[in-house]
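*Asks:* could you work out the structure for the sequence below:
(one chain, ligands or ions: 1)
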Amino acid sequence: MKVTLFDAKPSVGRKFLIAGKGGLNLTHSETLERFVKRYSSQGTKESYWTSLLSGFDNTALRSWAENLGIETFIGTSGRVFPKEFKAAPLLRRWVERLRAQGVHFLTNHKLVGIIKHDDRFTLEFHQHHDKTTIVTDAVILALGGGSWPETGSTGEWVSLLQGLGIAITPLTSANCGWEVTWNPDIIQETEGLPLKNIEVTAGEKTIAGELLITRYGLEGGALYQLGATLRSLEKPSLILDLKPSFTAEELALKIQHTSGDLLDVARESWKLSPAGVSLLRHFNDHHSINSPLGLAKAAKRITIPLTKPRPLSEAISSAGGVPFSELDDSLMMKRLPGLFVAGEMMDWEAPTGGYLLQGCFATGTRAAKGAIEYLEGKHP
Ligand SMILES: Cc1cc2nc3c(=O)[nH]c(=O)nc-3n(C[C@H](O)[C@H](O)[C@H](O)COP(=O)(O)OP(=O)(O)OC[C@H]3O[C@@H](n4cnc5c(N)ncnc54)[C@H](O)[C@@H]3O)c2cc1C
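*Replies:* Below is the predicted model of the structure:
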């Protein structure tokens, strides 16, 4: 079996290298039962993800890296990283191994056309200013989503596949910041400050974590996990609980018999962060927070209206892509037998925490096995 890997860019794995800048969170160490709950995709059940991830799970991913000489470890949060926190050595050894196994790499080859005739595909590529074609028996597309287009994942494949009659869910920002129309005073006081150990609610979903206040709005892990919920709301907003481990009554009791400015007292007593104090002041009128219970209730319920997600080009990942309804169980296009898809170009999403790369590896494994079976004539 002859395998050729084409990439539009002069080198492969550019987004993988970018992920390395944050330490390369390869996967997460939690059990499969918890792991599968991180994934959402239209029209699939949890059992589908259990089956996908079982084909290449977090243990398999760690063994694969270790087999390439890259030791991994589990951080305090349960996330898994290479010991060196780098992507480049892993990518280098990965490519070296693939070359040794006979995989041929053709970079600077941008896929611009797919023609199916009888049982074969003609693929058209732009190579600098030239056009080349190759004929092949099976194709696996792993063209990425639409975020960080400078790494090669431009999402231009969407129109290519639509042209072949494939329904594509529009690509949108996932794992991204959201914009807020801040009062300029808030920005003056809080830009760049974190809100730690808080609970953040959107719609019916509450996440414990942290946020970061930015000039344009908010960023942070807690927000990223709420992306799908926020996108489904007509008027997206977040409700922040600055003191999730206490009830409003418990907080009020702590500051009941004190004198001085109530907010100053609460800052000391409740150990409020400077950003928390600023939000409390600006998102409430003076009257509603001038009693201990009023202030305590406000600290547990700061409502921040969001305007829109940050642009797709800045997001860590994208939602949308090839829907599972277009694919069979081996991730082969139902309308185009022999054409498989894998990775972020498929319509699934997951939060940061190693779930994105794990999802890419698991879908890649499933698609590759499917392609082999197809070529061996064993595909059901
Ligand atoms: C800043 C940042 C940090 C991240 N950190 C992490 C992390 O720590 N952990 C984690 O799990 N995930 C992380 N991710 C997400 C993760 O990197 C992606 O989910 C993953 O790389 C997607 O893999 P993929 O193979 O589907 O697509 P990509 O990695 O985007 O690769 C797609 C490839 O297809 C090529 N291509 C596209 N169109 C064409 C075409 N027409 N012809 C030929 N080639 C084409 C591109 O050049 C590219 O090489 C991070 C992402 C970002 C942006």
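*Asks:* skipping its backbone neighbours, what lies nearest the closest residue to the ligand within the stretch 1-150 of the chain in space?
*Replies:* Residue of the stretch 1-150 of the chain nearest the ligand, by CB to the nearest ligand atom: Gly144 (2.5 Å). In this view, the C-beta of every residue, glycine as well, is placed from N, C-alpha and C. Among residues not flanking Gly144 along the chain, Ser153 sits closest, at 2.9 Å (CB to CB, 6 or more residues apart in numbering).
*Asks:* count of neighbours near the one you found?
*Replies:* 26 (other CB atoms under 10 Å).
*Asks:* do you know the pLDDT at it?
*Replies:* Turning to Ser153, the model gives it a pLDDT of 97.
*Asks:* may I have the secondary structure class of it?
*Replies:* coil (DSSP: H, G, I helix; E, B strand; the rest coil).
*Asks:* is the longest helix seen in the chain anywhere near the ligand?
*Replies:* In the chain, with assignment by DSSP state H, the single longest helix is helix 355-375. Yes. Contact of helix 355-375 with the ligand (CB under 6 Å from any ligand atom) involves 356-357, 360.
*Asks:* quick one, what contacts the residue of the stretch 1-150 of the chain closest to the ligand?
*Replies:* Each residue near Gly144 by CB atoms under 8 Å, 6 or more residues apart in numbering is listed here: 15, 151-153, 155, 343-345.
*Asks:* count of neighbours near the residue of the stretch 51-200 of the chain found nearest the ligand?
*Replies:* Closest approach of the stretch 51-200 of the chain to the ligand (CB to the nearest ligand atom) occurs at Gly152, with a separation of 2.0 Å. Close neighbours of Gly152, defined as other CB under 10 Å, add up to 19.
*Asks:* what of His379?
*Replies:* When neighbours are counted by other CB under 10 Å, His379 registers 16.
*Asks:* I'd like to know how far it sits from the ligand.
*Replies:* Noted for His379: a distance of 23 Å to the ligand, by CB to the nearest ligand atom, to the nearest Å.
*Asks:* what do you get for Leu295?
*Replies:* 39 Å.
*Asks:* going forward, count from 551.
*Replies:* With the count now opening at 551, the last piece we talked about shows up as Leu845.
*Asks:* surely that residue is in a strand?
*Replies:* No. Counting by three-state DSSP, Leu845 is not found in a strand; it is helix.
*Asks:* my guess is Pro639 is in a helix, correct?
*Replies:* Yes. Read with three-state DSSP, Pro639 is one of the residues of a helix.
*Asks:* interface residues of the stretch 751-900 of the chain facing the ligand?
*Replies:* 866-867, 893-895.
*Asks:* repeat the analysis, applying 8 Å as the threshold.
*Replies:* Within the stretch 751-900 of the chain, the positions near the ligand by CB under 8 Å from any ligand atom are 865-867, 892-895.
*Asks:* residue contacts, Gly570?
*Replies:* 635-638, 641.
*Asks:* I meant Arg885, not that one.
*Replies:* Taking CB under 8 Å, 6+ apart as the test, what Arg885 contacts is 714-716, 876.
*Asks:* I'd like to know which of these are buried.
*Replies:* Buried members of the contacts of Arg885, scored by 16 or more other CB atoms under 10 Å, are 716, 876.
*Asks:* mind listing which of the contacts of Arg885 are in strands?
*Replies:* Members of the contacts of Arg885 lying in strands (criterion: DSSP state E): none.
*Asks:* closest to Ala615 out of the contacts of Arg885?
*Replies:* Glu876 (31.4 Å; CB to CB).
*Asks:* check contacts around that closest one.
*Replies:* Glu876 sits in contact with 716-717, 883-885, where contact means CB under 8 Å, 6+ apart.
*Asks:* my guess is Ser823 meets Glu739, correct?
*Replies:* No. Ser823 is beyond contact range of Glu739, at 11.5 Å (criterion: CB atoms under 8 Å).
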